[in-house]
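Engineer: Just need the structure, nothing else, for what follows:
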Amino acid sequence: MTNTLVLASAGAAAPATVANVGCGFDIFGFAVDAPCDEVIARARPEPGVVISAISGDGGRLPREAAANTAGAAALALLAHLEAPCGVELEVQKGIPLGSGIGSSAASAVAAVVAVNALFGSPLTHAELLPFALAGEQVSCAPAAVHADNVAPSLLGGFVLMRSTHPLDIVPLPTPASLYCALVHPDLEVRTADARRILPHSVPLADAITQWGNVAGLVAGLLLCDFALIGRSLRDVIVEPVRAMLIPGFADVKRAALEAGALGGGISGSGPTLFALCDSRSGAEAVGAAMGAAFASNGLPSEVYVSAINREGARMIAVPTSVALPLPRWAVHASQHPRAARGVLAGLRRADLRRDRHGDGRGAAGRRHPPPRAARHRPGRFGVRRAAGGAGAGAVHPGALPRADAGL
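Structural biologist: Predicted coordinates:
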């Protein structure tokens with residue numbers, strides 16, 4: 001599946017997500033508006049992926065592409081696309097590490113969306129899912145990867161992971177006035193630690209209660225029944241165990257309910273707590289009450305209030321320092337296999353010219369216009385979401401490339 005390079009650089013943002021959503025351990029997730037991770041991808045002549053910069057991580061994340069969720073996702077996608085060049089990634093971490101709101105997943109998602117755009121977005125958002133999961137696997141290994149963060153961050157909305165093997169993702173409708181308050185305390189919980197304490201067996205009575213709540217939550221979303229949604233946001237299996245990792249958990253959840261929340265619980269592996277509400281003003285009041293409860297337990301926190309983010313990952317404007325036009329010869333050469341060596345040599349010459357002039361001008365001082373196929377409106381790179389992308393119908397396994405393609 002050889003693809004033509006049509007952009008020299010592209011940027012994407014991927015939102016934080018709430019996974020599990022109470023009763024739906026490893027099978028439910030939804031996207032929120034903020035915070036987000038951002039990735040800028042630039043074409044480079046050498047094959048493979050180089051991570052040139054990561055900010056917002058305190059220097060903790062690996063720069064080696066294969067060991068980084070963004071880098072691993074980009075490597076898998078480039079192999080599938082049979083890309084004529086490599087990419088350089090710049091990662092801006094807006095989502096705190098170890099926060100329970102999909103930090104590693106968002107980086108992988110933003111990377112595949114940005115890299116896909118470099119080649120004219122040949123894959124829909126749904127088709128990008130296996131490659132984002134390949135990146136997420138880096139943070140999960142040796143445990144199995146789950147799509148409850150990656151899928152909503154990429155596709156937006158509230159999603160059901162009916163199956164991971166084979167991959168079967170089902171978008172669920174949500175009431176328009178459903179809002180979420182997210183409260184992230186100044187605390188970090190490692191996903192591996194949060195999984196290590198989970199029970200290996202579940203009493204049948206608890207399993208029956210959990211199944212009823214899962215079915216009730218789906219029905220509540222479909223029927224726009226807020227009371228049913230609230231009754232169903234009850235986890236009798238995972239939350240009672242993981243609550244011990246979050247100081248003041250009981251006080252914070254009680255404060256949310258007393259302030260009018262429909263219900264809530266631990267987002268992902270924690271320590272962030274979420275609460276669903278039937279209005280933005282209600283979510284703002286609930287978020288304030290939860291933050292105050294954390295403060296009373298000696299933990300400062302950050303509060304985010306959001307509707308269900310139905311867009312998912314999106315393109316963003318690239319800073320002018322890296323938003324360089326693609327030379328005409330690069331597009332021409334990438335369309336002709338015999339000219340592959342010329343593509344690489346030309347890209348190297350272009351890099352030297354940019355280094356010399358700093359603004360994308362050639363040696364004679366002339367600016368190289370982008371080819372017709374690469375001209376775009378500001379901030380959107382001319383990339384239109386293909387039919388069947390974010391927000392489209394269910395993702396069925398037969399429509400997707402293998403997640404391990406090119407790994």
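Engineer: Would you agree residue 93 is in contact with residue 99?
Structural biologist: No - using C-beta atoms under 8 Å, residue 93 is not in contact with residue 99, being 10.6 Å away. Just so you know, the C-beta spots here come from the backbone N, C-alpha and C atoms, and that holds for glycine as well.
Engineer: Would you tell me which strand is longest in this structure?
Structural biologist: The single longest strand within the chain, with elements called by DSSP state E, is strand 28-44.
Engineer: tell me the domain ranges of this structure?
Structural biologist: 9-172+312-385, 179-307 (automatic domain parsing).
Engineer: Now do the strands in this protein.
Structural biologist: Going by DSSP E, the chain shows strands at 9-19, 28-44, 49-55, 86-92, 158-163, 168-172, 179-185, 263-266, 273-277, 301-307, 314-316.
Engineer: OK, contacts around residue 36?
Structural biologist: 13-16, 94-95, 106, 110 (C-beta atoms under 8 Å, 6 or more residues apart in numbering).
Engineer: just for the chain, where's the confidence low?
Structural biologist: Filtered on pLDDT under 70, the chain yields the residue ranges 1-2, 142, 320-407.
Engineer: Share the number of residues neighbouring residue 44, please.
Structural biologist: 20 (other C-beta atoms under 10 Å).
Engineer: okay but it is in contact with residue 89, surely?
Structural biologist: No - with contact defined as C-beta under 8 Å, residue 44 does not count as touching residue 89 (10.0 Å).
Engineer: so what's in contact with the two at the same time?
Structural biologist: Taking C-beta under 8 Å, 6+ apart as the contact rule, residue 44 and residue 89 both touch residue 50.
Engineer: hey, where'd the helices end up in the stretch 1-150 of the chain?
Structural biologist: 69-81, 103-118, 125-140, 150-155 (DSSP state H, counting those that start in this stretch).
Engineer: And those helices: which comes nearest residue 249?
Structural biologist: Each of the helices of the stretch 1-150 of the chain has some distance to residue 249 by C-beta to C-beta; the shortest is helix 103-118, at 20.5 Å.
Engineer: Show me what the closest one is packed up against.
Structural biologist: strand 9-19, strand 28-44, helix 69-81, strand 86-92, helix 125-140, helix 150-155, strand 314-316 (3 or more C-beta pairs under 8 Å, 6 or more residues apart in numbering; DSSP states H and E).
Engineer: hmm, 6 Å instead?
Structural biologist: Identification of packing neighbours for helix 103-118 by 3 or more C-beta pairs under 6 Å, 6 or more residues apart in numbering; DSSP states H and E yields strand 9-19, strand 28-44, helix 69-81, helix 125-140, helix 150-155.
Engineer: Just the CA trace of the third one, in CSV.
Structural biologist: Yep, that's helix 69-81 we're talking about. The C-alpha coordinates for helix 69-81 follow below in CSV (Å, rounded to 0.1, in the frame of the first residue of the first chain):
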residue,chain,number,x,y,z
THR,A,69,3.6,5.1,22.4
ALA,A,70,3.6,7.9,19.8
GLY,A,71,6.7,6.5,18.1
ALA,A,72,5.6,2.9,18.0
ALA,A,73,2.2,3.9,16.6
ALA,A,74,3.9,5.9,13.8
LEU,A,75,6.3,3.0,13.0
ALA,A,76,3.4,0.6,12.6
LEU,A,77,1.5,3.0,10.4
LEU,A,78,4.5,3.8,8.2
ALA,A,79,5.1,0.1,7.6
HIS,A,80,1.5,-0.4,6.6
LEU,A,81,1.6,2.6,4.2
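Engineer: Between helix 103-118 and that helix, find me the angle.
Structural biologist: On the basis of axes from the mean of the first three to the mean of the last three C-alpha atoms, to 10 degrees, helix 69-81 is oriented at 40 degrees to helix 103-118.
Engineer: chain center to helix 69-81: distance?
Structural biologist: Relative to its chain's centre, helix 69-81 lies at 15 Å (C-alpha atoms, centre = their mean, to the nearest Å).
Engineer: Go through the contacts of residue 36 and name the one nearest residue 209.
Structural biologist: Nearest to residue 209 among these: residue 16, at 28.8 Å, using C-beta to C-beta.
Engineer: mind exporting stretch 9-27 as PDB, just the C-alpha atoms?
Structural biologist: Only the C-alpha atoms of stretch 9-27 are listed here, as PDB (Å, rounded to 0.1, in the frame of the first residue of the first chain):
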ATOM      1  CA  SER A   9       4.300  18.700   8.100                       C
ATOM      2  CA  ALA A  10       1.000  18.100   9.900                       C
ATOM      3  CA  GLY A  11      -0.300  18.400  13.500                       C
ATOM      4  CA  ALA A  12      -3.000  16.600  15.500                       C
ATOM      5  CA  ALA A  13      -4.500  16.700  18.900                       C
ATOM      6  CA  ALA A  14      -6.100  13.800  20.800                       C
ATOM      7  CA  PRO A  15      -8.300  14.300  23.800                       C
ATOM      8  CA  ALA A  16      -8.200  12.700  27.300                       C
ATOM      9  CA  THR A  17     -10.700   9.900  27.900                       C
ATOM     10  CA  VAL A  18     -12.600   8.300  30.800                       C
ATOM     11  CA  ALA A  19     -12.200   4.500  30.700                       C
ATOM     12  CA  ASN A  20     -14.300   1.800  32.500                       C
ATOM     13  CA  VAL A  21     -17.000   4.400  33.300                       C
ATOM     14  CA  GLY A  22     -17.900   2.600  36.600                       C
ATOM     15  CA  CYS A  23     -19.300  -0.800  35.800                       C
ATOM     16  CA  GLY A  24     -17.700  -1.300  32.300                       C
ATOM     17  CA  PHE A  25     -14.200  -2.400  33.200                       C
ATOM     18  CA  ASP A  26     -12.100  -2.500  30.000                       C
ATOM     19  CA  ILE A  27     -15.200  -2.200  27.700                       C
END
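Engineer: Return the set of buried residues in it.
Structural biologist: The neighbour-count check on stretch 9-27 (16 or more other C-beta atoms under 10 Å) flags 9-25, 27 as buried.
Engineer: Understood, closing this out.
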